[in-house]
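Asks: just need the structure, nothing else, for what follows:
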Amino acid sequence: MHPIDIWQRNLTRRQLFLQVGMGVGGFALADLLANDLGASHSANQFRHFSPKAKSVIYFHLVGAPSHLDLFDYKPELQKRTGELCPAEMFEGKKLAFIRKRPSLLGTSKDSKFKFRHCGSSGILMSNLLPHLQTCADEMCFVRSLRTDHFNHAPAQMFMQTGFERFGRPSLGAWANYGLGTSNSDLPGFVVMVTGQYPGAGNSAFGSGFLPSVYQGVEFRASGDPVLFLSNPQGVGPKERRRVVDAINKLNQRQLDDVGDPEISTRISQYEMAYRMQTSVPELKDLSREPKHVLDAYGAKRGGSGFANNCLLARRMVERGVRFVQLFDQGWDHHGGVFNSLPGKAKQVDQPIAALIKDLKARGLLDETLVVWSAEFGRTPMAQGDRKNVGRDHHKEGFTVWMAGGGVKGGHVFGSTDELGYSAAENPVHVHDFNATILHLLGIDHEQLTYRFQGRKFRLTDVHGHVIRDLLT
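Replies: Sure, this is the predicted structure:
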C-alpha cells in the first residue's frame with residue numbers, strides 16, 4: 001500500500017482539522033504577504049532614493065491670491081502707489097485685462113493689511129493670516145516663482161501638468177503612478193474641490209495618457225462621497241460582491257483577448273470601489289474626532305467646506321493616501337481686492353494652520369509635504385478705478401510656500417524686484433518647483449517617464465532643476 005494511503009487511513013478527525021486548519025491558514029498568510037509584497041513593489045516602482053516626504057497635501061488657490069498683499073511686502077511699491085508704472089512694466093508686455101498704462105498699487109493702508117515679522121525666523125507675513133503667522137518657522141517660501149501663461153485655464157494646466165493644453169498627466173497622477181498608495185482600500189490620489197471647478201476642469205487632476213487608475217478621485221462635499229459608491233436600494237454587500245466578481249470575470253476574458261491596459265484598470269477600479277464602500281464612510285466620519293481638534297480646524301461633524309476638507313486631508317495621509325489635492329475657488333480679484341481678500345484669507349487661514357500644527361503634533365509633518373500654490377500671481381499695478389481697484393493676472397514673479405516633508409522651515413528663497421514685478425533673485429520656474437516636489441518624494445523627475453505615441457514623456461518635459469537650497 002502507498003505510504004500516503006496508510007497515513008490517510010490512520011488520520012484521526014482531530015488530526016484532519018489540525019492539518020487542514022494549518023493549510024488554510026498558510027494559504028491566507030501567503031495571500032496577505034503576496035498582497036503586501038505586490039503593493040510594496042508597485043507602490044515604489046519609481047522611487048530612486050530615500051524620500052523626505054511620504055505624502056503630499058497640495059492647496060491650489062483657484063484664481064490666484066494677491067501674493068503682494070499676503071507674503072511679499074514691498075516698501076518701494078507702497079511709497080510709489082498712484083504713480084504710473086515704469087514703461088518697461090507695460091510696453092510690450094502681455095496682460096490679461098489691463099489695456100492702458102496703469103498706476104502702481106501698493107498694499108491697502110487698512111490695519112488688516114499690515115505686515116509683521118513672524119516667528120524666530122522673522123519672516124514678513126500679512127495680518128490677514130494671523131493663524132499662519134504662528135506657523136512661520138515651519139514654512140519655506142519661494143518668492144520668485146514664474147510661469148509661462150497668464151490666463152487661468154492654460155496656467156492651471158501648466159502648473160499641474162507641465163503643459164498648457166489638455167492631455168498630460170497631472171502632478172498628483174505622476175506621483176500616484178510612481179509611488180502608488182500604501183492603503184489598498186483607498187485611492188492613491190484624492191481631490192476635494194471647494195466652490196466651482198478650476199477653469200481647467202478635472203484635467204487639472206487627470207491622468208492624461210497614463211492609465212486612468214492614476215487619476216485623482218474626487219471626494220464630494222455632499223451625497224455619496226464618491227459618485228455611485230453606495231449600493232442601489234435592495235442590493236446588499238453579498239449581491240454587490242457577486243456582481244463585481246461576474247463583471248471582472250468578463251473583463252478578464254476580454255483582457256486576455258486584447259491586452260488593453262484600460263481593461264486591467266477597469267478590473268482594479270471595480271475592486272477598489274467595492275473596498276471603498278467600507279473604507280470611505282469610515283474615513284469621512286468625523287464623529288470620533290475630539291472637539292478640540294474640530295474647533296482648531298473650524299470643522300463641523302456632518303458638515304462640509306474647506307475646514308472639513310483640511311481635516312479629511314490629515315485623515316487621508318494617516319491612512320496612506322499618497323497625494324491629496326484641495327482646490328479652493330474665489331481668488332480672482334480683478335476688482336475689490338481690498339474688500340474681498342480679507343474674507344477669502346480668513347476662510348483658509350485657520351484650517352491650514354491647524355493642519356500644519358496637527359500634523360506636527362502627530363509626528364506626521366516631517367513625512368508630509370504641505371504646498372500652497374496657484375496658477376500665477378497678481379500685478380503690482382492697479383486694475384480698474386480707485387473705488388473698486390483690483391489686480392490683474394501676473395506671471396513674472398509670485399510667491400508659493402511649502403511646509404514639512406523635508407523643506408527648510410522659516411526659510412525664504414528668491415525675491416522679486418523692489419516693485420514686485422519680476423523674479424529678480426534666484427528665479428524659479430514651474431518646472432523647477434515640480435521637480436523639487438518629486439525629489440522630496442524620492443523621485444528623480446528625469447527618470448519618471450511614460451512611453452506614449454513613440455516617445456517618453458515626463459512631468460517636467462525637458463526642463464526643470466531641483467531647488468536644493470529648499471531642502472533640509
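Asks: how about the helices in the stretch 301-450 of the chain?
Replies: For the stretch 301-450 of the chain, the helices defined by DSSP state H, counting those that start in this stretch cover 306-318, 337-361, 430-440.
Asks: just put the ones you listed in a markdown table and tack on mean pLDDT.
Replies: Converted to a markdown table, these look like this (pLDDT from 0 to 100):
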| stretch | mean pLDDT |
| --- | --- |
| helix 306-318 | 97 |
| helix 337-361 | 98 |
| helix 430-440 | 98 |
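Asks: helix or strand, whichever it is, which one in the protein has the lowest mean pLDDT?
Replies: Within the chain, judged by mean pLDDT, DSSP states H and E, the helix or strand with the poorest mean is helix 13-42; its value is a mean of 46.
Asks: any idea which helix or strand comes after that one?
Replies: Of the helices and strands lying after helix 13-42 in sequence (DSSP states H and E), the nearest is strand 55-61.
Asks: need the CA coordinates for that following strand. PDB is fine.
Replies: This file holds the C-alpha atoms of strand 55-61, laid out as PDB (Å, rounded to 0.1, in the frame of the first residue of the first chain):
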ATOM      1  CA  SER A  55       2.600  62.100   1.200                       C
ATOM      2  CA  VAL A  56       1.600  65.500  -0.200                       C
ATOM      3  CA  ILE A  57      -1.200  67.800   0.700                       C
ATOM      4  CA  TYR A  58      -1.400  70.400  -2.100                       C
ATOM      5  CA  PHE A  59      -3.500  73.500  -1.900                       C
ATOM      6  CA  HIS A  60      -4.300  75.200  -5.200                       C
ATOM      7  CA  LEU A  61      -6.000  78.600  -4.700                       C
END
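Asks: quick one: contacts of that strand?
Replies: The set of residues external to strand 55-61 that reach it, using Cβ atoms under 8 Å, 6 or more residues apart in numbering, is 156, 159-160, 171-172, 175, 198, 204, 313-314, 317, 320-328, 331, 348, 352, 355, 367-375, 405, 437, 441. Quick note: C-beta positions are derived from backbone N, CA and C, even for glycine.
Asks: ok, now which ones touch the nearest residue to S108 once chain neighbours are set aside?
Replies: Residue nearest to S108 in three dimensions, not counting chain neighbours: F338, with 4.2 Å by Cβ to Cβ, 6 or more residues apart in numbering. By Cβ under 8 Å, 6+ apart, the residues touching F338 are 69, 108, 110, 113, 389.
Asks: could I get the full set of strands for the stretch 101-250 of the chain?
Replies: Using DSSP state E, counting those that start in this stretch, the strands of the stretch 101-250 of the chain run over residues 115-118, 123-126, 139-146, 189-194, 217-218.
Asks: okay, those, which one's buried deepest?
Replies: Each of the strands of the stretch 101-250 of the chain was given a mean neighbour count from mean count of other Cβ atoms under 10 Å, and the largest, a mean of 26, is that of strand 139-146.
Asks: just want the angle from it to helix 337-361.
Replies: Inter-element angle recorded for strand 139-146 and helix 337-361: 130 degrees (by axes from the mean of the first three to the mean of the last three Cα atoms, to 10 degrees).
Asks: mean confidence score for strand 139-146?
Replies: Mean per-residue pLDDT for strand 139-146: 98.
Asks: one more: stretch 49-68?
Replies: Rounded mean pLDDT across stretch 49-68 is 96.
Asks: same check on stretch 159-170?
Replies: Averaged across stretch 159-170, pLDDT comes to 96.
Asks: mind listing what's buried along that stretch?
Replies: 159-164, 168-170 (16 or more other Cβ atoms under 10 Å).
Asks: for stretch 369-388, same thing?
Replies: Of the residues in stretch 369-388, 369-384 count as buried by neighbour count, 16+ other Cβ under 10 Å.
Asks: what is the burial count for the residue nearest to S340 when sequence neighbours are not counted?
Replies: Of all residues not flanking S340 in the chain, H333 sits nearest, at 5.3 Å (Cβ to Cβ, 6+ apart). Residues lying near H333 (other Cβ atoms under 10 Å) number 23.
Asks: so what's H333 up against?
Replies: H333 touches 63, 65-66, 340-341, 378, 390-391, counting by Cβ under 8 Å, 6+ apart.
Asks: quick one: those residues as a markdown table, columns for distance to A96 too.
Replies: Converted to a markdown table, these look like this (distance: Cβ to Cβ, whole Å):
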| residue | distance to A96 |
| --- | --- |
| G63 | 12 |
| P65 | 16 |
| S66 | 14 |
| S340 | 18 |
| L341 | 18 |
| R378 | 11 |
| G390 | 11 |
| R391 | 11 |
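Asks: low-confidence ranges in the stretch 101-250 of the chain?
Replies: Within the stretch 101-250 of the chain, the stretches with pLDDT under 70 are 221-235, 239-240.
Asks: count the neighbours of the residue nearest to R47 when sequence neighbours are not counted for me.
Replies: Leaving aside its sequence neighbours, R47 sits nearest to G442 (Cβ to Cβ, 6+ apart; 4.4 Å). Using other Cβ under 10 Å, G442 has 19 other residues around it.
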